[in-house]
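> Sequence first, then the predicted structure:
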Amino acid sequence: MQFANQFSDFEIVSPLATQLSWTHFTELLPLKTQEARLYYAQDAAARGYGAKELRRQISRKAYERREIANTALSKQSAVPFSVFKDPYLLDIFGLKENYLEADLEKAILSDIEAFLLEFGHGFSFIERQKRMIIGGEDVVLDLLFYNRVLKRLVAVELKLGDFKASYKGQMELYLSWLDEYEREQGEEAPIGIILCASANRKKVEMLKMDKAGIAVAEYWTQLPPKAVFEQKIKEIMEEAQERLERRKSLPATWQKQIDYFWDEKDEEDF
């Protein structure tokens, strides 16, 4: 009866039923929202993971972290909706305190399958330490991926400390070079994501990073106890929602001068 009530749309359920087992669906039934259930169901079907991995994704709040990332995108965003998460959970690598950026990069490359499972659907690894010569000067991008679904290159920069405004110009330089020299016919413009140990989301908002095709997200190398983790995710989501509401409540005379966060969700995104 729960299944019939929660998955009443035959056009959605029919293709999922051929790819997911009843055990998958029993993991989905306790979820509170239809959006979350459909996200996890379609993600499991697209990526082909079993009920155990589905349970793990739910416990690690993959849907909530995707929604947090989405709140940073405005209607003018050059970053596609529902691609990234915030924060990313990199506890899978077992990094100890005082690790270096090179250690983080090495850990990702040593277990690229685990990273891609956390990173998202459709990503393929292309290159590490991508060398670019710009104006006679060598610059190096940490990691380069390609997304088969988006049909575009995705540049990734790893930063150990807090987010800095200067990172925007650095990533814009990388994206411009990739667009001119690496983008192939039929591909969309490259996008980038800056992964920081701590992301000042208000600063990112003011810099309008998404309009430049750049996302910013935190990464956590240590996962707190379950109760603490769930509380922290809840607080981040509430803070993001407050930012949305504040912008919506600005006087009408200001509305043409700002970008609204994109909270319109197309059914195809779920």
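Sure thing, it's come through.
> Which helix or which strand is home to residue 206?
Taking DSSP states H and E as the criterion, residue 206 maps to helix 201-207.
> buried set for that helix?
201, 204, 205, 207 (16 or more other CB atoms under 10 Å). For glycine as for every other residue, the C-beta is placed from the backbone atoms N, C-alpha and C.
> and the residues you listed as CSV, adding distance to residue 231 and pLDDT?
Putting the buried residues of helix 201-207 into CSV (distance: CB to CB, whole Å; pLDDT from 0 to 100) gives the following:
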residue, distance to residue 231, pLDDT
201, 18, 87
204, 23, 90
205, 23, 88
207, 28, 93
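> Of those residues, which is the nearest to residue 244?
residue 205 (10.4 Å; CB to CB).
> measure the closest one to residue 233 for me?
19 Å (CB to CB, to the nearest Å).
> ok, now residue 108?
Taken as CB to CB, the span from residue 108 to residue 233 is 22 Å.
> who has more neighbours, the two?
Per other CB atoms under 10 Å, whichever of residue 108 and residue 233 has more neighbours is residue 108, with 24 against 16.
> pretty sure the more buried one is in contact with residue 93, am I right?
Yes. Between residue 108 and residue 93 a contact is recorded at 7.2 Å, counting by CB atoms under 8 Å.
> got a list of what residue 107 touches?
Taking CB atoms under 8 Å, 6 or more residues apart in numbering, we find residue 107 in contact with 90, 93, 94, 95.
> give me that answer again for 6 Å
If a contact means CB atoms under 6 Å, 6 or more residues apart in numbering, then residue 107 has residue 93 as its contacts.
> so what's it scoring on pLDDT?
As predicted, residue 107 sits at a pLDDT of 96.
> what helix or strand does it sit in?
Per DSSP H and E: helix 101-110 holds residue 107.
> just the CA coordinates of that helix, formatted as CSV?
What follows is helix 101-110, C-alpha atoms only, in CSV (Å, rounded to 0.1, in the frame of the first residue of the first chain):
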residue,chain,number,x,y,z
GLU,A,101,47.1,19.0,-1.3
ALA,A,102,49.3,16.5,-3.1
ASP,A,103,48.2,13.8,-0.6
LEU,A,104,44.6,14.5,-1.4
GLU,A,105,45.1,14.4,-5.1
LYS,A,106,47.1,11.1,-4.8
ALA,A,107,44.3,9.6,-2.7
ILE,A,108,41.7,10.5,-5.3
LEU,A,109,43.8,9.0,-8.1
SER,A,110,44.5,5.9,-6.1
